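Enquirer: A structural model of the following input is requested.
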Amino acid sequence: MDHPFVVLPEEQTPEGKEHCELCQLSEQRIIWGEGNPRAPLMMILDNPGAREDKQGNSFLCGTRETIQLGMREAGIDVNAVYVTYLLKCRPLRAYNKPVARAACLPHL
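Expert: Below you'll find the predicted structure:
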């Protein structure tokens, strides 16, 4: 049985957070979250990857596809889960992980 990947709407970055400069990742595209922010379940991934950023859609990664497959197998509607990242920007090179995570943590 084929289970197509579902692309849910990306949540807009909250006003005033569009130009966060609290860490060295601030030059990257900000990716806030996907789906219903009021969903009963929230899934937090570490950071967006290269494939998501190149295609301009934050959740086209293999991890996201695997998560959706697992949710279907568990009987969980993908629309009942809000997915976001701890880091709101995709790292392009080595970075100070504790500083970046501390900067993004309040956004959760």
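Enquirer: this structure: strands as residue ranges?
Expert: For the chain, applying DSSP state E gives strands covering 10-11, 33-34, 41-45, 81-85.
Enquirer: comparing those, which yields the minimum mean pLDDT?
Expert: Among those, strand 10-11 carries the lowest mean pLDDT, at a mean of 72.
Enquirer: for that strand, packing partners?
Expert: Strand 10-11 is packed against strand 33-34, with contacts defined by 3 or more C-beta pairs under 8 Å, 6 or more residues apart in numbering; DSSP states H and E. The C-beta positions use only the backbone N, C-alpha and C, and glycine is treated the same way.
Enquirer: other SSEs contacting the strand it packs on?
Expert: Strand 33-34 sits against strand 10-11, strand 81-85, with contacts defined as 3+ C-beta pairs under 8 Å, 6+ apart.
Enquirer: Asp46 against Arg90, yeah?
Expert: No: using C-beta atoms under 8 Å, Asp46 is not in contact with Arg90; the gap is 10.7 Å.
Enquirer: which one of the helices and strands packed on strand 33-34 is the most hemmed in?
Expert: Most buried of the helices and strands packed on strand 33-34 by mean neighbour count (mean count of other C-beta atoms under 10 Å) is strand 81-85; its value is a mean of 21.
Enquirer: in the protein, what spans have low per-residue confidence?
Expert: Low-confidence segments of the chain, defined by pLDDT under 70: 1-9, 18, 26, 28-29, 49-62.
Enquirer: rerun that using 90 as the cut-off
Expert: By pLDDT under 90, the low-scoring segments of the chain are 1-39, 43-72, 77-108.
Enquirer: which stretches of it form helices?
Expert: In the chain, the helices defined using DSSP state H lie at 50-55, 62-73, 97-104.
Enquirer: if we can go back for a sec, quick one, which of the strands of the chain is nearest to Arg64?
Expert: Closest approach to Arg64 among these is made by strand 81-85 (7.1 Å; C-beta to C-beta).
Enquirer: can you list the neighbours in contact with the closest one?
Expert: 8, 11, 31-39, 41-48, 58-59, 64, 67, 71, 104, 108 (C-beta atoms under 8 Å, 6 or more residues apart in numbering).
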